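> what's the 3D shape of this:
(2 chains)
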Amino acid sequence: MSAVLEVSDLAVTFGTRDGLLKAVDGVSFSVSRGEVLGLVGESGSGKSITGLAIMGLIDAPGRIARGSVKFEGQELIGKNENTLRSLRGRRMAMIFQDPMSTLNPVLRIDTQMIETIRAHEKVSEKAARARARDALAKVGIPSPDERLLAYPHQFSGGMRQRVAIAIALLHGPSLIIADEPTTALDVTIQAQILSEVQTLAAETGTALVWITHDLSVVASLADRVAVMYAGRLVEEGQVADVLTQPLHPYTKGLIESVPSRNRRGSPLAQIPGMTPSLACLPEGCAFRPRCSRATEICLEAPGLTQHVGGRRVRCFHPSSNLGGGA
Amino acid sequence: MSTPILSLANVSKRFVKPLDASERIANLLGAHREPQIVRAVDRVDLTIMPGEVVGLVGESGCGKSTLGRIVAGIQDPSEGVVAFKGQDIARMNKAERRQANLAVQMVFQDPMGSLNPRMKVLDIVGEAPVVHGIIPTQQKERYVSDLLGRVGLDASAMRRYPHQFSGGQRARIGIARALAVNPTMLVCDEATAALDVSIQAQIINLFVELREEFGLTYLFVSHDLGVVAHVADRVAVMYLGRIVELGSTEAMFASPNHPYTQALLSEVPQLEPKKRKFSALNSEIPSPLRPPPGCSFHTRCPHAFARCETDRPAMQEVGPGRLSACHLNDR
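Reported below is the predicted structural model:
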């Protein structure tokens, strides 16, 4: 299958008073048609900035320092704003965590949806309205005809997120980047949204990059997972492989620190220390000060190495049960 | 049987939005506007024994935080009796009431919102024990540095302001402040919800350690079933202001009785790497302004039958120490 999105060696820097911060540093991955990639990391790991950089939405003081983002074979870095605009919302779309800040609070839903359709296609208002209505029905909003006439504040949080998803789907994009779209929702509502998204991705063949801090969401939704730490990709592979046999000590620590009912009462495994500030990253491997496997060699920055099963890991001491690097 | 440290009997909390001027004028002219009433907590019974960890779970708007605040004495119930060590709090005199309130402390979700940004940690943690005469002013520094050590912070932290700490450290400061007045019970309202997974694990472990060290009793309010399953001895599940199921954590997670608990448990994403179909409960939580009659869950319940729409199910025993409010148990 051909890759819809190919990111290679992407780096995003922010100029601050404390010097240049590397929010994203040499990130590479690709997503194929119909595939769901989970992009996992804790706050400040650069996962959201990666998503924004792909969409071409990095604003000053941030800038893309190097690397390439190829979308359907087309290089996006360095493209002018007009070209990007014609792609965004049509061929590639983004869903954010807080739908209240993506929807305009003073415009009715129909106005916003019809505007989105007509921005990219010459269609009559009537046809656009019919399409907007169908999109709402597709994401499971009851009585879409009436709901089209409502304002964003008249929807509940879950319904608002559905509207945002419906807007993202309007032009049948080949890539959707979803940035923590279910984090603010209750579990039963999150389950509804995940189930809708699963069906839609399978039906339309849309590639999905699902940015989240929640490994368990990735476990049930994604095909592949990429784990980020302090701006770098530390591990990537098939979800089943990574979650059952994590190679990188950080991934292992993350998985073990999730409270689960299997190990009730016993203390949770914890990663000592805290995520380093991007302004003063430790030399070499950024995870070194918190890592139990660290040795002298970790003072150098490790590269991404290939492992069996198409897995990649950035560590000098990966878990050994899978054999060495290639 | 020993006396429960805290018991709630038939406790309700109503929030009323009174009519504004225009609505009152409309009523004078013959309209029939009524004040809006939310029953955030609706006739709840709950007992908490000394040394126990009780988890309180539910979705947003179910009233779990309000119930937590009633337990902590921050809010008074509209009806019902809150008893601390067997004594009705409403009938206590001022000094007794103060003691009861000190004994139950609260740890909040957002440490940045609950720590005064203009106070140094020394004052944030040390103010209350000095005011309440637990320690003399001269000992404040030593007392605070001890406490900070207990929650895993360096003593030098007391010279700094809240904004100089990370989220996890701020959570620790919030816990140190709660511990400063020697409480017997902590109410943790989503105390780990804002933290990253690896930091959350550290804080949960801290709660468990402190429990053993100080013999604390906890009410753990959370929407995260994984966290609750890990720390709690007993779990209470709330839906639209009512407790619908109550029982030991192991029994409830092994075989949930109430259809809502079943749905809640089945929809928690698991760490098992397999694609699965989310079965999705239909529709959303009804507005607490107009809760459905009868069983409040009947609008979303896959097993609802005629009686559920009219009769409110009572809590009844469905196993040793397990209570559930569902008409299905009568069938």
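> and the helix or strand of chain B with the lowest mean pLDDT, C-alpha only, in PDB?
Across the helices and strands of chain B, mean pLDDT, DSSP states H and E gives its lowest value to helix B:111-114, namely a mean of 79. What follows is helix B:111-114 as a C-alpha-only set of coordinates in PDB (Å, rounded to 0.1, in the frame of the first residue of the first chain):
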ATOM      1  CA  PRO B 111      -3.400  22.200  42.100                       C
ATOM      2  CA  MET B 112      -2.800  25.500  40.200                       C
ATOM      3  CA  GLY B 113      -6.300  26.600  40.900                       C
ATOM      4  CA  SER B 114      -6.300  25.500  44.600                       C
END
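> On the C-terminal side of that helix, identify the next helix or strand.
As assigned by DSSP states H and E, the chain's next helix or strand after helix B:111-114 is helix B:121-131.
> pLDDT (mean, whole number) over that next one?
The average pLDDT for helix B:121-131 rounds to 94.
> Alpha carbons of it, as CSV, please.
Coordinates of each C-alpha in helix B:121-131 appear next as CSV, following Å, rounded to 0.1, in the frame of the first residue of the first chain:
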residue,chain,number,x,y,z
VAL,B,121,4.8,26.9,49.9
LEU,B,122,5.9,27.6,53.5
ASP,B,123,2.7,29.6,54.1
ILE,B,124,0.5,27.5,51.9
VAL,B,125,1.3,24.4,53.9
GLY,B,126,2.1,26.0,57.3
GLU,B,127,-0.7,28.5,57.6
ALA,B,128,-3.5,26.2,58.7
PRO,B,129,-1.7,24.3,61.4
VAL,B,130,-0.6,27.6,63.0
VAL,B,131,-4.1,29.1,62.8
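> How far off centre is the helix or strand that it is followed by?
Sequence order places helix B:140-150 as the next helix or strand after helix B:121-131, per DSSP H and E. Centroid separation between helix B:140-150 and its chain, computed with Cα atoms, centre = their mean, to the nearest Å, is 27 Å.
> now swap in stretch B:34-51 and tell me
Its chain's average C-alpha position is 11 Å from that of stretch B:34-51, according to Cα atoms, centre = their mean.
> list the buried ones in it?
B:38-49, B:51 (16 or more other Cβ atoms under 10 Å in any protein chain shown). Bear in mind the C-beta positions are built from the backbone N, C-alpha and C, glycine included.
> residues in contact with the nearest residue to B:Asn329 once chain neighbours are set aside?
Closest residue in space to B:Asn329, ignoring its immediate chain neighbours: B:Val318 at 5.6 Å, by Cβ to Cβ, 6 or more residues apart in numbering or on different chains. For B:Val318, the contact set (Cβ atoms under 8 Å, 6 or more residues apart in numbering or on different chains) comprises B:257, B:324, B:329.
> Equivalent analysis for A:Leu37, please.
Counting by Cβ under 8 Å, 6+ apart, A:Leu37 makes contact with A:29, A:31, A:207-210, A:222-226.
> Can you say which two of these are spatially most distant?
A:Ala207 and A:Val225 (14.7 Å; Cβ to Cβ).
> Make sure A:Ile49 is indeed in a helix.
Yes. Read with DSSP: H, G, I helix; E, B strand; the rest coil, A:Ile49 is one of the residues of a helix.
> re the thing from before, so the residue nearest to B:Asn329, which state does it fall into?
strand.
> Just the pLDDT for it.
According to the prediction, B:Val318 has pLDDT 90.
> Also the one 10 residues further on?
According to the prediction, B:Leu328 has pLDDT 90.
> how deep is the residue nearest to it when sequence neighbours are not counted tucked in, by neighbour count?
Excluding its sequence neighbours, the residue lying closest to B:Leu328 (Cβ to Cβ, 6+ apart) is B:His303, at 5.8 Å. Per other Cβ atoms under 10 Å in any protein chain shown, the neighbour tally for B:His303 reads 13.
> in a helix, that's where B:His303 is, yeah?
No. Applying three-state DSSP, one finds B:His303 to be coil, outside a helix.
> Torsion angles phi and psi at it?
Backbone dihedrals for B:His303, given as degrees, to the nearest 10, come out at phi -110, psi 10.
> Check which helices and strands the helix or strand harbouring B:Thr261 sits against.
Per DSSP H and E, B:Thr261 falls inside helix B:259-266. Here helix B:259-266 touches helix A:187-204, strand B:234-239, strand B:242-248, going by 3 or more Cβ pairs under 8 Å, 6 or more residues apart in numbering or on different chains; DSSP states H and E.
> how much space between A:Tyr151 and A:Asn104?
Computed as Cβ to Cβ, to the nearest Å, the A:Tyr151 to A:Asn104 distance reads 9 Å.
> pLDDT score for the residue sitting nearest the centre point of chain A?
Centroid-nearest residue in chain A: A:Ile211, 2.5 Å away (criterion: Cα atoms, centre = their mean). Among the per-residue scores, A:Ile211 holds a pLDDT of 94.
> my guess is it contacts A:Asp179, does it?
Yes. If you go by Cβ atoms under 8 Å, A:Ile211 and A:Asp179 touch, sitting 4.6 Å apart.
> and for those two, which residues touch both?
Jointly contacting A:Ile211 and A:Asp179 under the rule Cβ under 8 Å, 6+ apart are A:48, A:51.
> next one: the longest helix seen in chain B to chain centre, how far?
As assigned by DSSP state H, the longest helix anywhere in chain B is helix B:197-214. The chain centroid and the centroid of helix B:197-214 are separated by 17 Å under Cα atoms, centre = their mean.
> what sits up against it?
Under the criterion Cβ under 8 Å, 6+ apart, residues A:42, A:213-215, A:253-254, A:257-259, A:267-271, A:274-275, B:53, B:150-152, B:166-168, B:171-172, B:175, B:179, B:188, B:191-192, B:195, B:216, B:218, B:227, B:230-231 lie in contact with helix B:197-214.
> Same question for stretch A:279-297.
Residues from elsewhere that reach stretch A:279-297 (Cβ under 8 Å, 6+ apart): A:16, A:18-19, A:21-22, A:229-232, A:234, A:248-250, A:253, A:271-273, A:276, A:298-302, A:314-317.
> Same question for stretch B:299-307.
Outside stretch B:299-307, the residues touching it (Cβ under 8 Å, 6+ apart) are B:259-260, B:263, B:281-283, B:285-286, B:292, B:294-295, B:297-298, B:308, B:327-328.
> which residues of the chain fall in strands?
Since no chain was named, I'll use chain A. Counting by DSSP state E, chain A has strands at residues A:3-16, A:19-32, A:36-40, A:62-71, A:74-75, A:92-95, A:175-179, A:207-212, A:224-229, A:232-238, A:305-307, A:311-313.
> my question was about chain B
Assigned by DSSP E, the strands in chain B fall at B:6-17, B:36-48, B:53-57, B:79-84, B:87-88, B:104-107, B:185-189, B:217-222, B:234-239, B:242-248, B:316-319, B:322-324.
> I'd like the ones you listed laid out as a markdown table, including distance to A:Phe96.
Compiled in a markdown table, the strands of chain B are given as follows (distance: least, Cβ to Cβ, whole Å):
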| stretch | distance to A:Phe96 |
| --- | --- |
| strand B:6-17 | 31 |
| strand B:36-48 | 30 |
| strand B:53-57 | 27 |
| strand B:79-84 | 42 |
| strand B:87-88 | 49 |
| strand B:104-107 | 30 |
| strand B:185-189 | 27 |
| strand B:217-222 | 25 |
| strand B:234-239 | 29 |
| strand B:242-248 | 34 |
| strand B:316-319 | 43 |
| strand B:322-324 | 39 |
